[in-house]
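> Take a look and give me a structure for this.
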Amino acid sequence: MSDTTPDADRVLVHMHQLLWQAGTEADRRAHQSRDLDTVALANNLTYARDQVFHLLPESYRDALLDRPDPDGADPVELARRAEELSRTAPVHHFPPGIVSVVDLLIETVGEFS
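As a prediction, this is how the structure comes out:
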C-alpha cells in the first residue's frame, strides 16, 4: 500500500478519468482514420492511464467506474488537463511512479499538439 494522501488519491482518480476519456476518444479516432499518429496518441494515453491505475490504492478504484462521456473530446487537451491536475498536490504526496506518468503526459502533449 502506498503512503499517498487522500488529496493525492483523489487527484489520481480524476487523472485516470481524464485519461480514460482521452484514450477512449483517441482510440475511436484511430480506428476510424487508421492514422499512425492517432494510433500512437491512443497508445500513449492508454499507457498513462494504466500507470495511474496501478498507482491508486485499491480502496479508491471503485471511483473509476464513474466515467465521463468520451465522445468528441479533444484527447490532447484532456491529457494536458491531467498533467496540470498532477500539479495540484505536492509530488511527495503521490506514490512513486507519478513522475514517469507526468513526464509521459508532458511528452505526449508536446508531440501531439
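
> Poorly predicted segments of the chain, please.
Within the chain, the stretches with pLDDT under 70 are 1-4, 66-70.

> center of this structure - which residue?
Leu19 (3.2 Å; CA atoms, centre = their mean).

> could you list every residue that touches that residue?
45, 48-49, 52, 78-79, 82 (CB atoms under 8 Å, 6 or more residues apart in numbering). All C-beta spots, glycine's among them, are computed from the backbone N, C-alpha and C.

> So of these, which two are at opposite extremes in space?
Maximum pairwise distance in those, criterion CB to CB, is 12.9 Å, between Val52 and Leu78.

> rewinding a little: okay if I get the contacts of Leu19 as a markdown table plus distance to Ile98 and neighbour count?
Below are these laid out as a markdown table (distance: CB to CB, whole Å; neighbours: other CB atoms under 10 Å):
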| residue | distance to Ile98 | neighbour count |
| --- | --- | --- |
| Leu45 | 16 | 29 |
| Ala48 | 11 | 27 |
| Arg49 | 14 | 23 |
| Val52 | 8 | 26 |
| Leu78 | 18 | 24 |
| Ala79 | 15 | 29 |
| Ala82 | 11 | 28 |
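
> Take those and keep only those in helices.
45, 48-49, 52, 78-79, 82 (DSSP state H).

> Out of the residues you listed, which is nearest to Glu25?
Leu78 (7.6 Å).

> What sits closest to that closest one if chain neighbours are left out?
Ala22 (3.6 Å; CB to CB, 6 or more residues apart in numbering).

> In which helix or strand does the one you found reside?
Following DSSP states H and E, one finds Ala22 within helix 6-33.

> how much distance is there from that helix to the middle of the chain?
5 Å (CA atoms, centre = their mean, to the nearest Å).

> now do stretch 88-97
15 Å.

> and it, C-alpha only, in CSV?
Taking C-alpha atoms only, stretch 88-97 is exported to CSV below (Å, rounded to 0.1, in the frame of the first residue of the first chain):
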residue,chain,number,x,y,z
THR,A,88,-2.3,20.4,-7.6
ALA,A,89,-0.7,18.3,-4.9
PRO,A,90,3.0,18.1,-3.9
VAL,A,91,4.8,15.3,-5.7
HIS,A,92,5.8,13.7,-2.4
HIS,A,93,2.1,13.2,-1.6
PHE,A,94,1.9,10.8,-4.6
PRO,A,95,3.2,7.2,-4.8
PRO,A,96,6.5,6.5,-6.5
GLY,A,97,5.9,6.4,-10.2
